[in-house]
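Asks: sequence first, predicted coordinates after that:
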Amino acid sequence: MGFRRLLFKLSLLTLVVGAPTTNNSTDQFHPKQSGLKILLTNDDSWASANIRATYSALKADGHDVLLVGPAVQQSGKGGTFVVPTTNIVAPGGEFGSIPVGAPFFGQDEQDKNIWYFNGTPSAAVTFGIDIVAAKHFGSQKIDLVVSGPNEGSNLGPFLFTLSGTIGAAYTSVERGIPAIALSAGNNTHRPFTSNTGAKNDPANIAGRLTADLVAALAKGKSKGQRLLPLGVGIGVNFPTFAPGNSCVSPPFVLTRLTGGALINTITLDPMTGFPVVSSSEAPGLQVKLNGVSSLPGETPTAAECETAVSVFSVDYDAPVAVAGPIQNHLRANFGKHRGQ
């Protein structure tokens, strides 16, 4: 039997809102009664090693987890919202996981709680919220969206706007659901079938650390209590760990997005004339307008054997002390509005 048929046979069941569910424990919409109700997503596809290892780690901790990830690699999409207009086209799903011509969404036949959706991360998590989770959890709310761990770091405000992993998280926060976006220094894009289960496999370390962070966030919270305030999410950047180095248990460190953050710059190659991309610490990325100014930046923190944990808000308005003088200056020069 081929790789595709053996490991990724899909039961492409039609999702009909209002369809009856059963009490069969194998039914795709039969939730557990313990732990958090978690929607897991990413931008590296539903078949990547990191997301499947994290799925296993969260389930091992007793959470009721739904995995809804993009059908193909969708890195760098930010919050772009694109939904499919056709079924799966060539070359098919990531790592050969979905055959050409398959429906634009579907399940892993071996686990009915694992889904793909052929859209950008923001669209995939929205499909997860509005369609899959709405059926699985019924009237119960999602406690937490976990996005990632991404294959590669997403450090600083510049990457915050570009990352599809973070885009799925802030889409969820905007919908009113607490969310965590996680990224790992290990940037190898590989299928979950390459994971042998070794404890020091980077995907398994990322999964374990993610489950530990979720446990820390939920500690002391009563059932049904919000894990984060409305409009707030968490961005996490793991360092590069294992195999080949001793960083296998990096401590969590509270950080801020700014401080040592980098942005892309362009020069022209004198030989070819084509653009060459490099990075620099631009001053606008280092300003401390919000948050706790004494916290270290996540970029230098993740460069060590430490996990950077930054709290972000989707309220992008500048603080009143900064915005007020600008608004007053503009107001004085705008003139009167019609009708005044």
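Replies: It's in.

Asks: who's in contact with residue 122?
Replies: 77, 78, 79, 80, 81, 164, 167, 168, 171 (CB atoms under 8 Å, 6 or more residues apart in numbering). C-betas here are computed from N, CA, C, even on glycine.

Asks: for this protein, just list every one of the helices.
Replies: Applying DSSP state H to the chain gives helices spanning 3-7, 49-60, 121-127, 133-136, 156-162, 164-174, 202-218, 298-302, 320-334.

Asks: out of those, flag the one nearest residue 264.
Replies: helix 156-162 (7.1 Å; CB to CB).

Asks: could you say what helices and strands the closest one packs with?
Replies: For helix 156-162, the packing partners by 3 or more CB pairs under 8 Å, 6 or more residues apart in numbering; DSSP states H and E come out as strand 263-268.

Asks: relative to the strand it packs on, what are the paired strands and their orientations?
Replies: Under the criterion DSSP bridges, strand 263-268 sits next to strand 275-280 (antiparallel) in its sheet.

Asks: so how far is the partner strand off the chain centroid?
Replies: A distance of 26 Å separates the centroid of the chain from that of strand 275-280, by CA atoms, centre = their mean, to the nearest Å.

Asks: which residues are in contact with it?
Replies: Contacts for strand 275-280 (CB under 8 Å, 6+ apart): 262, 263, 264, 265, 266, 267, 268, 269.

Asks: quick one, what contacts the fourth one?
Replies: Applying CB under 8 Å, 6+ apart, we find residue 265 in contact with 277, 278, 279, 280.

Asks: what's the burial count for the third one?
Replies: Right, residue 279. For residue 279, the tally of surrounding residues (other CB atoms under 10 Å) stands at 12.

Asks: report pLDDT for it.
Replies: Here the pLDDT value assigned to residue 279 is 94.

Asks: bridged to it, which residues?
Replies: Counting by DSSP bridges, the residues bridging with residue 279 are residue 264.

Asks: start the count at 7, not 1, going forward
Replies: Noted, 7 is the first residue going forward, which turns the last one into residue 285.

Asks: which residues are in contact with the spatially most central residue of the chain?
Replies: In the chain, the C-alpha nearest the mean C-alpha coordinate belongs to residue 153, at 2.3 Å (CA atoms, centre = their mean). Shown in contact with residue 153 (CB under 8 Å, 6+ apart): 46-49, 127, 131, 171-172, 174-175, 178, 185-188.

Asks: reformat the contacts of residue 271 as CSV; add distance to residue 76.
Replies: Below are the contacts of residue 271 laid out as CSV (distance: CB to CB, whole Å):
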residue, distance to residue 76
283, 25
284, 29
285, 27
286, 31
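
Asks: the residue nearest to the centre of the chain and residue 288: what is the separation?
Replies: Going from residue 153 to residue 288 by CB to CB, to the nearest Å gives 26 Å.

Asks: over to residue 220?
Replies: In this structure, residue 220 and residue 288 are 33 Å apart, going by CB to CB.

Asks: also residue 299?
Replies: Residue 299 is 19 Å from residue 288, where distance means CB to CB.

Asks: which one's more surrounded, those two?
Replies: residue 288 (15 against 10).

Asks: quick check: closest non-adjacent residue to that one.
Replies: Using CB to CB, 6 or more residues apart in numbering and skipping residues adjacent in sequence, the residue nearest residue 288 is residue 269, 4.5 Å away.

Asks: what pLDDT is listed against that neighbour?
Replies: Confidence score, pLDDT, at residue 269: 96.
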